[in-house]
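> got a predicted structure plus its sequence, pasted below:
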Protein chains: 2
Amino acid sequence: MSHSLFSKHQKTLNEAVAAIHTRGYWSPFSEMPSPRAYGDTAAADGEAAFRRHLGQHFELDQPSNNGTAGKEKSPFGLQLNVRYPKPDADTLFAAVETAQAEWRKAEPKAWVGVSLEILARLHKASFEIAHSVMHTTGQAFMMAFQAGGPHAQDRALEAIAYAWNELRRIPDEAYWEKPQGKNAPLMMAKHYTVVPRGIGLVIGCCTFPTWNSYPGMFASLATGNAVVVKPHPAAILPLAITVRIAREVLAEAGFDPNVVTLFATDPDDGLIVQALATRPEVRLIDFTGSSANGYWLEHHARQASVYTEKAGVNQIIIDSVDDIGPAVRNIAFSLALYSGQMCTAPQNIYVPRDGIKTAHGVMPFEAVAAALVESVNKLTADADKAVEVTGAIQNAGVLARIERARKVGTLLLDSRALAHPAWPDAEVRTPLLARLDARKDEATFAAEWFGPIAFVVATDSTAQSVELAGRIARTRGALTLSVYSTSEEVVDAAYEAALCGGVALSVNLTGGVFVNQSAAFSDFHGTGGNPAANASLTDAAFVANRFRVVQVRRHVPPREAAHV
Amino acid sequence: MSHSLFSKHQKTLNEAVAAIHTRGYWSPFSEMPSPRAYGDTAAADGEAAFRRHLGQHFELDQPSNNGTAGKEKSPFGLQLNVRYPKPDADTLFAAVETAQAEWRKAEPKAWVGVSLEILARLHKASFEIAHSVMHTTGQAFMMAFQAGGPHAQDRALEAIAYAWNELRRIPDEAYWEKPQGKNAPLMMAKHYTVVPRGIGLVIGCCTFPTWNSYPGMFASLATGNAVVVKPHPAAILPLAITVRIAREVLAEAGFDPNVVTLFATDPDDGLIVQALATRPEVRLIDFTGSSANGYWLEHHARQASVYTEKAGVNQIIIDSVDDIGPAVRNIAFSLALYSGQMCTAPQNIYVPRDGIKTAHGVMPFEAVAAALVESVNKLTADADKAVEVTGAIQNAGVLARIERARKVGTLLLDSRALAHPAWPDAEVRTPLLARLDARKDEATFAAEWFGPIAFVVATDSTAQSVELAGRIARTRGALTLSVYSTSEEVVDAAYEAALCGGVALSVNLTGGVFVNQSAAFSDFHGTGGNPAANASLTDAAFVANRFRVVQVRRHVPPREAAHV
């Protein structure tokens, strides 16, 4: 059964393994929510499936004897009222350990085959998951579909491909024959078994519950570990659907479904994550969230390998352009997309106070700032269109941060509330732009201002912009860095700063690619080389430590000459 | 220059990469200290080179402005009196950071090429290093030569092969073309740069200063990191010679020799290791030593990835044999080899109190114990021959432990002092065997008794032996497990216990392979799956986290159709 799932998906797996090596564009999952790609009734069926969850108790046949949890609120104002079974930790982990003991013995092809089948089923549920992502994160529908569905599935497949790429290199058997001079050689047969670490805990975030959780979840699962999924209390539903599908596949494949379980919590559940994360059975932790919580896990969950993605400060260096138009339009979109509530969204835009070179002469700092303001204004002028870019504000913390940002530096463009045509209760906000100065405001702009807040920072020179960008990435963390320059020397200097800051660099983005976007199989998301993340999603290091190899060796008679 | 070193050694590297996949026997380094393999004058030249160090100041042209260190004592009684330059940490690390900044830019083929050239030079210095290992560790010459020379070089080459195997899979460039329906596709060129973590600290032990240090040292170096080598104060010379050779090669290849430096200390230097290990520049730590120090590093050096090999309890399960003779002879050799001062040496030998099955009927427990005693006695009867197996006792802690062991359980065979024919001051000891009982003595035998101390433990049954072995491996750590049985069911049960305990299993060793031995390219040394080690020497996980990948991407015109 398990091997048949591996065979069923082997072609996709082989293509994925090829893709992580060539790193060109590749995806088996269509990002367009079209009937042609997903079937004529998929959109309606998925929305109906989502709506059937509303006001209901979410059924999961796992040990969950601690009442219910569930206080999600749609940023668009839809009444959710979904209640989830709430487990007692000791009871749940006992059941997971039992499931894990058998799952371990299933061996790599079963782990990978089951993982790929779960992924195929998740793909079919893309619309249901898209609506659940939208109404927990505040993402507009198209983004919720793409990032929460096919793009998250791409990242999962990438993790499975990396896992398989490591697993397949451990041979089952070896024949070892050591010459002994004139004496008979020493001959041994060896057998190697991959042993998973144990139980992986996946701690989700409230902005990208699937995209950020799938890599760790599938990296652990495909290497033979059981996975306990602990969603952010504000974004449970996408992961609850995910866990339910995983459990269905596991059961159909003849495994104990408790290999994948949900640990739903409420916002006021206190130190429950800390208690879970330090359980001795938990040997792997994948976390996305605040720096404070990430550092806590890195320092206290010492029994586990901990993979974190935390806060960072993303930066743009503007040095010179032929034409400012395409540059500021691209930047404006990056600022407005999901109201900057992305770990990859830019925050600091460095512009020399003496202006930048263009094909039409020097453009003063004020003109560059004005062009940015104008682009954001144009993008957000039509509320009906703008809300499909900005989505809604996920939580009150972001609203409070916008309020604080109004008092910082010189306001260039205030954040405005937009009326959502379909969701009157949605909190929609346009980007705020403020002017700061590198000479005196570093304490302000070196901190993360998560949300639709960006600073146009006047610097003494591009050299200072580059120095700031590299240093802040290195010391405060960053997931993206962007440079606009017509000079290859400046681009080279920016890349050197990126290398020192451990941050991916995008050069002269003026078209349909935005710095916030990270393409699976091609872009390494995070490097693990600065405080924003201690691991990359995904590379070999992300998967290689999730299993061990245990061997048995014994003497054997000499093999046939043909084998030696 | 750097690429020429890569080309020079590429054939060896390719063979090493093939070997880590097929895991058959392979080595480019002869383990026989013969003129044919090493040249007619190699033995005499190497010994002379070693003797030239005695009583001298060991010259190293690195920043070392803190006087000298060096209080090594030969366990064989040879007067060493070698003094090493002692660095001031701040001064040394400033110089290492400068060296590292350029080393980073040299890129993978230079890192690997230089590493391989260092290794080739170390190979030529095998005799010099062998004598230095002998007179710091107490290993007999043959073992000092093999384990300290070619076998350590094998482990280094294995680490380099794993490093290269990861590095080579990161492409330099990628072309990414994403279809956009009826619109022109999005096209980007991407460039990937491998960025090392920074500085690796290698903390050596006093029993295998090269074998245990080389994997971490070369794993870090071959992935572009600078390496600070901190030898155990009792075994500096082998690593000082190693560092000097590394520095010569680096300088010849045009690199700052401070890419590899020595941090020599004295036994009374207090908390200097803790201070070094928690420096922010140190991003990788490779440690071999006590559990207490290893756990301290794992818990406190949070800025670094920490790879530890610590203490463990190695065990042998005797269930049934055709003939007890070959089994006890093999075990006796394992107990006597380097006086059990090996992380892989067996300690607990479980024998059912009702005896074991043999081809000649049931053999009582007492008879099994007596056969073990007799084999150890035979092996150690001739002192002149025995000392070439046992070597000398490394430190007074081992002597004190033997003294304590005399009061434990029922003494089956006392440890005897042997007179070394060549080194009258050498402290030579034969193995001590004591009888313990699984019903009441677990607190005693579940602890590590490092040295020539073994316990024959009476168990209720083989089932209990297996249960004990798996549980103690899992909870207390182990690097080896051995089983003697004519029953495949028992062997399977032992392997299941080994899988749960995360420990490599050897079955029915009765010939020229001993459980203490771990063959590079074939046997994973340690699994990382129990408290004896948090990593394996060597696998992909041991190297994959020693570097990061930083990318740059930009729009490009469409490639020629042929490329797409």
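Sure thing, it's come through.
> skipping its backbone neighbours, what lies nearest A:Gly511 in space?
B:His555 (5.9 Å; CB to CB, 6 or more residues apart in numbering or on different chains). C-betas here are computed from N, CA, C, even on glycine.
> try A:Glu107
Counting by CB to CB, 6+ apart, A:Val194 is the residue found nearest to A:Glu107 once chain neighbours are left out, at 7.0 Å.
> which parts of the biggest helix by length in chain A are buried?
Using DSSP state H to define each element, chain A has its longest helix at helix A:2-22. Within helix A:2-22, the residues that qualify as buried are A:Ser2, A:Leu5, A:Phe6, A:His9, A:Thr12, A:Leu13, A:Ala16, A:Val17, A:Ala19, A:Ile20, counting by 16 or more other CB atoms under 10 Å in any protein chain shown.
> which of those residues sits closest to B:Ala504?
Set against B:Ala504, the nearest of these by CB to CB is A:Ser2 (26.3 Å).
> check that closest one and give its pLDDT.
In this model, A:Ser2 is scored at 54, pLDDT.
> you'd agree A:Met234 is up against A:Ala396?
One thing to correct before we go on: residue A:234 is Ala, not Met. No - if you go by CB atoms under 8 Å, A:Ala234 and A:Ala396 don't touch, sitting 10.8 Å apart.
> give me the more crowded residue out of the two.
Shown here are A:Ala234 and A:Ala396; by other CB atoms under 10 Å in any protein chain shown, A:Ala234 has more neighbours (20 against 9).
> from chain B, how far out is the more buried one?
Distance of A:Ala234 to chain B, given as CB to the nearest CB, to the nearest Å: 29 Å.
> and that residue, helix, strand or coil?
The local conformation at A:Ala234, judged by DSSP: H, G, I helix; E, B strand; the rest coil, is coil.
> quick check: phi and psi at it.
For A:Ala234, the backbone dihedrals (degrees, to the nearest 10) come out as phi -90, psi -10.
> what about the closest residue to it other than its chain neighbours, how many residues nearby?
Spatial nearest neighbour of A:Ala234, chain neighbours left out: A:Cys206 (4.1 Å); criterion: CB to CB, 6+ apart. For A:Cys206, the count of nearby residues is 22 (other CB under 10 Å).
> was I right about A:Cys206 contacting A:Gln394?
Yes - the pair A:Cys206 and A:Gln394 passes the contact test of CB under 8 Å, sitting 5.8 Å apart.
> got any residues that touch both of the two?
A:Thr137, A:Ala234 (CB atoms under 8 Å, 6 or more residues apart in numbering or on different chains).
> about what we covered before: you'd agree the residue nearest to A:Glu107 is in a helix?
No - counting by three-state DSSP, A:Val194 is not part of a helix but strand.
> residue contacts, it?
With CB under 8 Å, 6+ apart, A:Val194 has these contacts: A:Glu107, A:Pro108, A:Leu167, A:Ile170, A:Thr223, A:Gly224, A:Phe547, A:Arg548, A:Val549.
> any idea how many residues pack against the closest residue to the third one other than its chain neighbours?
Computed as CB to CB, 6+ apart, the closest residue to A:Leu167 that is not its neighbour in sequence is A:Pro108, at 4.3 Å. Residues near A:Pro108, counting by other CB under 10 Å, number 23.
> got the contact list for A:Pro108?
A:Trp164, A:Leu167, A:Arg168, A:Val194, A:Thr223, A:Gly224.
> try 10 Å
For A:Pro108, the contact set (CB atoms under 10 Å, 6 or more residues apart in numbering or on different chains) comprises A:2, A:6, A:163-164, A:166-168, A:170, A:172, A:193-194, A:196, A:222-224, A:547.
> ok, back up a step: now, which of the buried residues of helix A:2-22 lie close to chain B?
A:Ala19, A:Ile20 (CB under 10 Å from any CB of the partner chain).
> farthest-apart pair in the buried residues of helix A:2-22, please.
Taking CB to CB as the measure, the buried residues of helix A:2-22 have their most distant pair in A:Ser2 and A:Ala19, spaced 24.1 Å apart.
> and the residue nearest the centre of chain A, what are its phi and psi?
By CA atoms, centre = their mean, chain A has its centre lying nearest to A:Asn212, at 2.7 Å. A:Asn212 adopts backbone torsions of phi -80, psi -20, taken as degrees, to the nearest 10.
> swap in A:Ala493?
According to degrees, to the nearest 10, A:Ala493 has phi -60, psi -40.
> quick one, phi/psi of the residue of chain A most remote from its centre?
Residue farthest from the centre of chain A, counting by CA atoms, centre = their mean, is A:Lys182 at 59.5 Å. Backbone torsions of A:Lys182, given as degrees, to the nearest 10, read phi -80, psi -20.
> equivalent analysis for the one 5 residues further on, please.
Phi and psi for A:Met187, reported as degrees, to the nearest 10, are phi -130, psi 130.
> roughly how far does A:Arg439 sit from A:Arg353?
Distance of A:Arg439 to A:Arg353, computed by CB to CB, to the nearest Å: 9 Å.
> now do the phi/psi pair for the nearest residue to A:Gln180 once chain neighbours are set aside.
Nearest non-adjacent residue to A:Gln180, counting by CB to CB, 6+ apart: A:Leu186, 6.2 Å away. A:Leu186 adopts backbone torsions of phi -80, psi 130, taken as degrees, to the nearest 10.
> quick check: domain ranges of chain A?
Taking automatic domain parsing as the criterion, chain A consists of the domains A:2-310+A:534-549, A:315-507.
> low-confidence ranges, the stretch 1-150 of chain A, go.
For the stretch 1-150 of chain A, residues meeting the criterion pLDDT under 70 lie at A:1-2.
> helices of that one, start to end?
Using DSSP state H, counting those that start in this stretch, the helices found in the stretch 1-150 of chain A span residues A:2-22, A:35-38, A:42-53, A:89-106, A:108-124, A:126-137, A:141-148, A:150-167.
> please dump those into TSV; it should also carry distance to A:Ala336 for every row.
TSV is the format used below for those (distance: least, CB to CB, whole Å):
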stretch	distance to A:Ala336
helix A:2-22	31
helix A:35-38	27
helix A:42-53	25
helix A:89-106	41
helix A:108-124	29
helix A:126-137	16
helix A:141-148	11
helix A:150-167	19
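> where does A:Ala434 fall, helix, sheet strand or coil?
Here A:Ala434 is recorded as strand under three-state DSSP.
> and it, what pLDDT?
Value for A:Ala434, per-residue pLDDT: 98.
> which residue is the nearest non-sequential neighbour of A:Ser461?
Distances taken as CB to CB, 6+ apart place A:Pro352 nearest to A:Ser461, at 5.5 Å, with adjacent residues excluded.
> residue contacts, the residue nearest to A:Phe141 when sequence neighbours are not counted?
Closest residue in space to A:Phe141, ignoring its immediate chain neighbours: A:Met134 at 5.4 Å, by CB to CB, 6+ apart. Contacts here follow CB under 10 Å, 6+ apart; on that basis A:Met134 touches A:50, A:74-76, A:78, A:140-145, A:148, A:238, A:391-392.
> could you identify the helix or strand that succeeds the helix or strand hosting A:Ala494?
Using DSSP states H and E, the element containing A:Ala494 is helix A:488-501. Where DSSP H and E defines the elements, the next helix or strand beyond helix A:488-501 is strand A:504-507.
> helices or strands up against that following strand?
Applying 3 or more CB pairs under 10 Å, 6 or more residues apart in numbering or on different chains; DSSP states H and E, one finds that strand A:504-507 contacts helix A:462-476, strand A:480-484, helix A:488-501, strand B:183-196, strand B:547-555.
> partner strands of that strand and their direction?
Strand pairing for strand A:504-507, using DSSP bridges, gives strand A:480-484 (parallel), strand B:547-555 (parallel).
> could I have it exported to CSV, CA atoms only?
Coordinates of the C-alpha atoms in strand A:504-507 are reproduced here as CSV (Å, rounded to 0.1, in the frame of the first residue of the first chain):
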residue,chain,number,x,y,z
ALA,A,504,18.8,37.2,-0.6
LEU,A,505,19.2,40.1,-3.0
SER,A,506,16.9,41.2,-5.8
VAL,A,507,18.2,43.5,-8.4
